[in-house]
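Visitor: With the input below, show me the fold.
(one chain, ligands or ions: 1)
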Amino acid sequence: MKITVCKNEHDFDVTAAWRIIGQMLRKPDSVIGLSTGQTTKNMHAIVSDIYKQYPFDTSRVTLFNVDELTNLPRSYAGCCYTMIVDQLSRNLNIPDERFIMPQTISDDYEKECRDFQTALEARGGIDLQMLGLGCNGHIGINQPGTPFGSETWVSPMDPIFEERVRRETGVGPEHELGGLTLGVRTIMHARHIVLIAKGEHKADMVRQMLKGPVTEDIPASVLQLHPNCEFLLDADAARDVMDMI
Ligand code: GLP
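Guide: Model (predicted):
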């Protein structure tokens, strides 16, 4: 297993940003999967800054996000589409044709899932997937218990997160919210994965992911089996795995 530990949060953000830039420079027609959340915000800002100062070729890059919320308008700032447009794709001059995302509102989410996965396959599959880690071990929105064989699907929302989204959007209970996510199997088909985790609050899950058994109870543990996955951590998140380095 390849584990990289950065000495502090800033070093982590910069190193993670260069994983994305390096991929685009090495393969200008790369298909790159992103993740939203606190872990990736600074990383996206650094990629944007470096591009602004030293523009490189993004004219053939395809981006997508590993997951998306359903039944919310894209105008909601918490939609993954909107977050990535604001944080990265617009800054890199990547138009919607090369930012592959499912619709957030649809009357056929199964089709949205199929179309999302098919669009990525049609571009030759995923070259790099940047993957955040949930405190309960989730990857994408594949919560504990998700079968390792899962393809792109709509997962139930975490109740606490759902409560917050409803409060912020005013979307009522008549609309069922969900998390459309690449499945575990789909993620495992990425040619290269960088699992990113920073902060002390992730340390216990990092330990379980890397030292524990490979089990559907901890979706991220499946990454132990990926032939080309790097675990990129800051020192706080790596607290309990330093003996593995
Ligand atoms: C959400 C996202 C995931 C992300 C995770 C980590 O669940 N849907 O894709 O990996 O949060 O979030 P954070 O970086 O804020 O800890």
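
Visitor: Just give me the longest helix of the chain.
Guide: Ranked by number of residues, the top helix in the chain under DSSP state H is helix 9-26.

Visitor: Would you mind pulling the contact partners of that one?
Guide: 4, 6, 30, 32, 40, 42-44, 46-47, 50-51, 56-58, 61, 127-128, 130, 192, 194, 196, 198-199, 230, 232-234, 236 (C-beta atoms under 8 Å, 6 or more residues apart in numbering). Backbone N, C-alpha and C define where each C-beta goes, glycine included.

Visitor: Narrow the residues you listed to just the buried residues.
Guide: 4, 6, 30, 32, 40, 42-44, 46-47, 50-51, 58, 61, 127-128, 130, 192, 194, 196, 198-199, 230, 232-234, 236 (16 or more other C-beta atoms under 10 Å).

Visitor: Could you export the helix or strand bottoming out on mean pLDDT in the chain as PDB, CA atoms only?
Guide: Lowest on mean pLDDT, DSSP states H and E among the helices and strands of the chain sits helix 159-169, with a mean of 89. Extracted in PDB, the C-alpha atoms of helix 159-169 (Å, rounded to 0.1, in the frame of the first residue of the first chain):
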ATOM      1  CA  PRO A 159     -30.300  11.500   8.600                       C
ATOM      2  CA  ILE A 160     -28.300  14.400  10.200                       C
ATOM      3  CA  PHE A 161     -27.100  15.600   6.900                       C
ATOM      4  CA  GLU A 162     -30.500  15.300   5.400                       C
ATOM      5  CA  GLU A 163     -32.000  17.400   8.200                       C
ATOM      6  CA  ARG A 164     -29.400  20.200   7.500                       C
ATOM      7  CA  VAL A 165     -30.100  20.100   3.700                       C
ATOM      8  CA  ARG A 166     -33.900  20.400   4.300                       C
ATOM      9  CA  ARG A 167     -33.400  23.300   6.700                       C
ATOM     10  CA  GLU A 168     -31.100  25.100   4.200                       C
ATOM     11  CA  THR A 169     -33.300  24.500   1.100                       C
END
